[in-house]
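Trainee: I would like the atomic coordinates for the input below:
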Amino acid sequence: MAFNIDLHTHTFFSGDGVSSPEENIAAAREKGLHGFAITDHNTCDAITYLLEKGLMREDGLPVDDFLIIPGVEVTTAEGHLLCIGTTLPYLKGKPAREVCEIIHERGGLAIPPHPYDLFRAGIRFPVLETLPIDALEVFNAATTLRRYNRYAFKYAQMRGLPMTAASDAHHAEAIGTAHTILNTDDFSVRGIVSQLLKSNELNQHYLTPRDSVRKTWNNWMRLRRRKKLPQAKPTLNGGSPG
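Mentor: From the prediction side, this is the model:
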């Protein structure tokens, strides 16, 4: 059976995401998706949240015929790297090769998103050549310039890598704009992860101009928030805070 899966999405647990996990699920169902991977920036808090809410299962099976795949988008020392199929500890700033190894130790797949994108921390060609990656995101609906997707596609062809397409949605309306179509009889996290290592059909559509502007705005607001320094907590004895 063919399953429509968006392999790169964000919730409000990401610094630049705006929609709740529940809003993303509702939007995905409405658009005919069978599931998606949650790949928030450097955090798996949404996965914990969904497990507690009963919207995900520890055994990796779907809930009400909808599958949430655990994942995370790690900001490695060389650029962004998707982990698909498992959760990770906080690894921001670690070398990409080390992150790949940890992903594999935990049974997940290492998939660089939006490679070549000069404006969005894509992992560059010289580094890609050295990494034990499992697949490549060759179509990102939110790519800065469309030629970056073409470069990624050509590189995946040259290296013989499985290919994925995804929305990189940071709000619910963008979910599923692009997605990967996987044919498998095993509709579970394990089944989807296994099928990703094979050849799959890609649904390729770009974000609308409105969605692109909204994503850029979210990123800008994230950068503004980062510039705000945390307030020091007052101390009882007048000494410096611990």
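Trainee: for the chain, give me the ranges with low pLDDT.
Mentor: 210-242 (pLDDT under 70).
Trainee: which residues in it form helices?
Mentor: Assignment of helices within the chain using DSSP state H yields the ranges 21-30, 45-53, 96-105, 125-128, 146-159, 189-196, 209-226.
Trainee: wait, I192 sits on F3?
Mentor: Yes: judged on C-beta atoms under 8 Å, I192 makes contact with F3 at a distance of 7.2 Å. For every residue, glycine as well, the C-beta is placed using N, CA and C.
Trainee: identify the contacts common to these two.
Mentor: G35, L67, L182, T184 (C-beta atoms under 8 Å, 6 or more residues apart in numbering).
Trainee: dump these to TSV, plus neighbour count and distance to Y206.
Mentor: Shown next, in TSV, are those (neighbours: other C-beta atoms under 10 Å; distance: C-beta to C-beta, whole Å):
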residue	neighbour count	distance to Y206
G35	25	22
L67	23	25
L182	25	21
T184	18	27
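Trainee: which of these fall within strands?
Mentor: G35, L67, L182 (DSSP state E).
Trainee: hmm, S199 is touching P162, no?
Mentor: Yes: here S199 reaches P162: they are 6.7 Å apart, a contact under C-beta under 8 Å.
Trainee: more neighbours, those two?
Mentor: More neighbours surround P162 than the other of S199 and P162, with 19 against 8 (other C-beta atoms under 10 Å).
Trainee: skipping its backbone neighbours, what lies nearest that one in space?
Mentor: Of all residues not flanking P162 in the chain, A135 sits nearest, at 4.0 Å (C-beta to C-beta, 6 or more residues apart in numbering).
Trainee: check G108 too.
Mentor: Going by C-beta to C-beta, 6+ apart, G108 has T86 as its nearest residue, at 3.7 Å.
Trainee: what's near enough to touch the one you found?
Mentor: By C-beta under 8 Å, 6+ apart, the contact list for T86 reads P70, G71, I103, R106, G107, G108.
Trainee: pull the longest strand from the chain.
Mentor: Longest strand in the chain, counting by DSSP E: strand 2-9.
Trainee: report the buried residues of stretch 104-114.
Mentor: For stretch 104-114, burial by neighbour count (16 or more other C-beta atoms under 10 Å) applies to G108, L109, A110, I111, P112, P113, H114.
Trainee: what's the span of that stretch from first residue to last?
Mentor: 21 Å (C-alpha to C-alpha, to the nearest Å).
Trainee: F119 touches T144, doesn't it?
Mentor: Yes: between F119 and T144 there is a contact at 4.4 Å, judged by C-beta under 8 Å.
Trainee: those two: who's more crowded?
Mentor: When neighbours are counted by other C-beta under 10 Å, F119 and T144 differ, and T144 comes out ahead with 16 against 11.
Trainee: so who does the more buried one touch?
Mentor: With contacts defined as C-beta under 8 Å, 6+ apart, T144 is in contact with D117, L118, F119, R120.
Trainee: reformat the residues you listed as CSV; add distance to Y49.
Mentor: Formatted as CSV, the contacts of T144 follow (distance: C-beta to C-beta, whole Å):
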residue, distance to Y49
D117, 29
L118, 34
F119, 30
R120, 26
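Trainee: what's the closest of these to E52?
Mentor: The nearest member of those to E52, counting by C-beta to C-beta, is R120 at 31.5 Å.
Trainee: what's the offset of stretch 90-105 from the middle of its chain?
Mentor: 15 Å (C-alpha atoms, centre = their mean, to the nearest Å).
Trainee: give me the contacts around it.
Mentor: Contacting residues not belonging to stretch 90-105 are listed as 42-43, 74-79, 81, 83, 86, 88, 109-110, 123, 127, 130-133 [C-beta under 8 Å, 6+ apart].
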